[in-house]
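A.B. asks: 3D model of this:
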Amino acid sequence: MHTVCQDSKGFVRYRFPEIDSLCVMVGAPVPCYNPACASDEDSAFVEIIVDNEQQGRDIVGRAVLIRALYEIWGSGTTHEELLQSTLEYSKSPSAERYLASDQTFSIKVDGFGVSFTKAEQKDIRDKFGIIPFKGQVQLAMPQNKFKVFVECGVSHAKDKATPKKLYFARRMMKSPRKQLEKYNLKKRLYLGPTSTCAELAFLMANQALLKAGDVVYDPFVGTGSLAVACAHFNAYTIGSDIDWRVLHGQTRAAKSDIFGNFKHYGLPRPELICSDQTHPVWRIAVCQEEEEKNPDMMRFDAIVCDPPYGVRAGARKSGTTKREAKPILPEHMGDHVPATQVYDVEDVMIDLLDFSAATLKMHGRLVYLLPTTPDFTRETLPAHPCLEIHSVSEQILRANFSRLLVTMVKTRAFSNELKAVRRNRAEEVKPSFGNMKEILLAPPKDPQQQRLRNRDKGLCKYFKAGKCTMGERCKWSHTSVEGQQ
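C.D. replies: Take a look at the predicted model:
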């Protein structure tokens, strides 16, 4: 069955890895989409081929980045091609049931990159009068909803005469992505400065192939944004964090805690542990033989996390920079809070990969977010001999700042001899994700970029009065509210 998915506007570069993951879950071929679609980020549609209608419904039923699923009746680059292909499909046995006299229908026109007046929409609909519909037109609640999609994209924007692609399609189902509104951060009781938005959190849960009964772990759980998304799919959620105040909701201005969020959404309570990721509390197999002899040893189906990278919240680990640590008195052992020190971002990623390789089940997935610069390559990503990179999706946030969604799969049994790849710090350059704070705070080399950054600092009062003599060196904005230089 040849179908087309109408995508949502956000996270455009994340859509194909999500479709691949959902295909694995429902047993559809991977990839199930037209390869030409993968290189076209300008398109609002993805053509997929499924074995039957139910398979397509299963994919869209879990999708975050798909708005609706349509069965393609015709396509082309001109209205004549579209009409001809639609007419040919209408004569096939697959279309017969939808053209019957007992079936009501409606036809609407949607433009992408272009808009149509009501008169123009009527002219397009009238062209499909040659399709042998025997039923009655019903606009309110028809049994079959057809749409004419006219896609112009950015390169063909507002050029109605030469559209990029046209479709005539029957809507099979709408995505239940509206349920994400329930989990909107604006409606959440307990938040932190790094809480992950609901759309991205659900997307990561799909990448992890989570289903009912799976055990998922977040070693940097924070306020539990990712754990909420995982629990929505009936997975058992376990989280840990070194900051006991965050786990107990005792941060400044906190009105609830993680458990309050889960109770608010009617989700089962997660298991929370206050622990240091450099000293995991889990029993770990140290060799392949031990892993094979103890199949009942704790194994996670997936690890989903957003590691701290030092911009909004820096990573911490137990320890002190002082030469001599003070002994803990016996009467303070019960309520003692260990001292912490800076946890280098590069070490965070290496420890995360080693831990994931040791505790994931075979073919289990590690899904994490990683900041970097737009000029990254796969060779600069953290690597581990037991983990294979499945997909990397980039979201460009600023001119010098991108966020990657990385999915890794365990393909080899863990042993102490198989550790994450460490760079030679004396000879090799530090990866971009290791010093993102310095990159973001560094002054731009381009003066125009500096002026754009200075907009956030406010308009220069001397420039406003026409008296500023600093020019490009001025640290305040020289761009007026009206956008005049």
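A.B. asks: hey, let's count contacts and neighbours off CA atoms from now on
C.D. replies: Fine.
A.B. asks: And the next helix or strand past the lowest-mean-pLDDT helix or strand in the chain?
C.D. replies: The element with the least model confidence among the helices and strands of the chain, by mean pLDDT, DSSP states H and E, is helix 447-454, at a mean of 54. Using DSSP states H and E, the helix or strand that follows helix 447-454 towards the C-terminus is helix 461-464.
A.B. asks: Buried residues, that next one. List them.
C.D. replies: Neighbour counts over helix 461-464 (16 or more other C-alpha atoms under 10 Å) mark Phe463 as buried.
A.B. asks: same for that helix, what does it pack against?
C.D. replies: Helices and strands touching helix 461-464, as assessed by 3 or more C-alpha pairs under 8 Å, 6 or more residues apart in numbering; DSSP states H and E, are absent.
A.B. asks: Return the distance of it from the chain's centre.
C.D. replies: Distance of helix 461-464 from its chain centroid, counting by C-alpha atoms, centre = their mean, to the nearest Å, is 42 Å.
A.B. asks: tell me the contacts of the nearest residue to Pro307 once chain neighbours are set aside?
C.D. replies: Spatially, and ignoring its direct neighbours in sequence, Pro307 is nearest to Phe220 (6.1 Å; C-alpha to C-alpha, 6 or more residues apart in numbering). Counting by C-alpha atoms under 8 Å, 6 or more residues apart in numbering, Phe220 makes contact with 239-241, 305-308.
A.B. asks: Please repeat the previous calculation with a cut-off of 7 Å.
C.D. replies: 239-241, 305-307 (C-alpha atoms under 7 Å, 6 or more residues apart in numbering).
A.B. asks: One more: Lys317?
C.D. replies: 276, 278, 340-343.
A.B. asks: quick one: which of the residues you listed sit in strands?
C.D. replies: 340-342 (DSSP state E).
A.B. asks: before we move on, the earlier item: from the contacts of Lys317, list just the buried residues.
C.D. replies: Buried among these by 16+ other C-alpha under 10 Å: 276, 340, 343.
A.B. asks: Reformat those as JSON lines; add distance to Val421 and pLDDT.
C.D. replies: Formatted as JSON lines, these follow (distance: C-alpha to C-alpha, whole Å; pLDDT from 0 to 100):
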{"residue": "Asp276", "distance to Val421": "22", "pLDDT": "90"}
{"residue": "Thr340", "distance to Val421": "26", "pLDDT": "85"}
{"residue": "Tyr343", "distance to Val421": "18", "pLDDT": "86"}
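A.B. asks: between the contacts of Phe220, which has the most around it?
C.D. replies: Within these, most neighbours by other C-alpha atoms under 10 Å means Cys305, with 27 neighbours.
A.B. asks: For Pro219, see how far away that one is.
C.D. replies: For Cys305, the distance to Pro219 (C-alpha to C-alpha, to the nearest Å) stands at 7 Å.
A.B. asks: Name the surrounding residues that touch the longest helix seen in the chain.
C.D. replies: Ranked by residue count under DSSP state H, the longest helix found in the chain is helix 345-359. For helix 345-359, the external contacting residues (C-alpha under 7 Å, 6+ apart) are 278, 284-285, 298-300, 309, 366, 382, 384, 386-387, 410, 414, 419-420, 434.
A.B. asks: Please check those residues and keep the buried ones.
C.D. replies: 284-285, 298-300, 309, 366, 382, 384, 386-387, 410, 414, 419-420, 434.
A.B. asks: which one among those residues gets closest to Asn234?
C.D. replies: Phe300 (14.7 Å; C-alpha to C-alpha).
A.B. asks: could you list every residue that touches that closest one?
C.D. replies: 215-217, 359-361.
A.B. asks: So for stretch 402-418, what gets flagged as buried?
C.D. replies: Going by 16+ other C-alpha under 10 Å, stretch 402-418 has these buried residues: 402-415, 418.
A.B. asks: meant to ask about stretch 379-394, not that
C.D. replies: Applying 16+ other C-alpha under 10 Å to stretch 379-394 flags 381-394 as buried.
A.B. asks: can you check stretch 167-186 too?
C.D. replies: Neighbour-count burial for stretch 167-186 [16+ other C-alpha under 10 Å]: 167-175, 177, 183, 185.
A.B. asks: Could you identify the pair within those residues that is furthest apart?
C.D. replies: Maximum distance among these (C-alpha to C-alpha): 37.1 Å, for Phe168 and Leu185.
A.B. asks: which stretches of the stretch 301-450 of the chain have low pLDDT?
C.D. replies: Scanning the stretch 301-450 of the chain for pLDDT under 70 picks out 311-313, 440-450.
A.B. asks: from the contacts of Lys317, which single one is nearest Cys230?
C.D. replies: Using C-alpha to C-alpha, these come closest to Cys230 at Asp276, 22.3 Å.
A.B. asks: can I assume the closest one is in contact with Ile242?
C.D. replies: Yes - applying C-alpha atoms under 7 Å, one finds Asp276 in contact with Ile242, separated by 5.2 Å.
A.B. asks: related to what we said a few turns ago, include distance to Gly249 when you put the contacts of Lys317 into TSV, please.
C.D. replies: Compiled in TSV, the contacts of Lys317 are given as follows (distance: C-alpha to C-alpha, whole Å):
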residue	distance to Gly249
Asp276	18
Thr278	23
Thr340	19
Gln341	22
Val342	22
Tyr343	23
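A.B. asks: any chance you could map the strands in the stretch 151-300 of the chain?
C.D. replies: 165-174, 215-218, 236-241, 271-274, 300-305 (DSSP state E, counting those that start in this stretch).
A.B. asks: same for the second one, what does it pack against?
C.D. replies: With contacts defined as 3 or more C-alpha pairs under 7 Å, 6 or more residues apart in numbering; DSSP states H and E, the packing partners of strand 215-218 are strand 236-241, strand 300-305.
A.B. asks: quick one: which of those is nearest Val4?
C.D. replies: strand 300-305 (29.8 Å).
A.B. asks: what distance separates the closest one from the middle of the whole chain?
C.D. replies: 15 Å.
A.B. asks: Sheet partners, orientation included, of the helix or strand following it?
C.D. replies: Counting by DSSP H and E, the element after strand 300-305 in chain order, helix or strand, is strand 316-318. Paired strands of strand 316-318, with direction, are strand 340-342 (antiparallel) (DSSP bridges).
A.B. asks: And the protein, what are its domain boundaries?
C.D. replies: Structural domains assigned to the chain are 2-174, 180-436, 444-485, following automatic domain parsing.
A.B. asks: ok, now how distant is the residue nearest to the spatial centre of the chain from Asp257?
C.D. replies: Centroid-nearest residue in the chain: Leu200, 3.8 Å away (criterion: C-alpha atoms, centre = their mean). Using C-alpha to C-alpha, one obtains 21 Å as the distance from Leu200 to Asp257.
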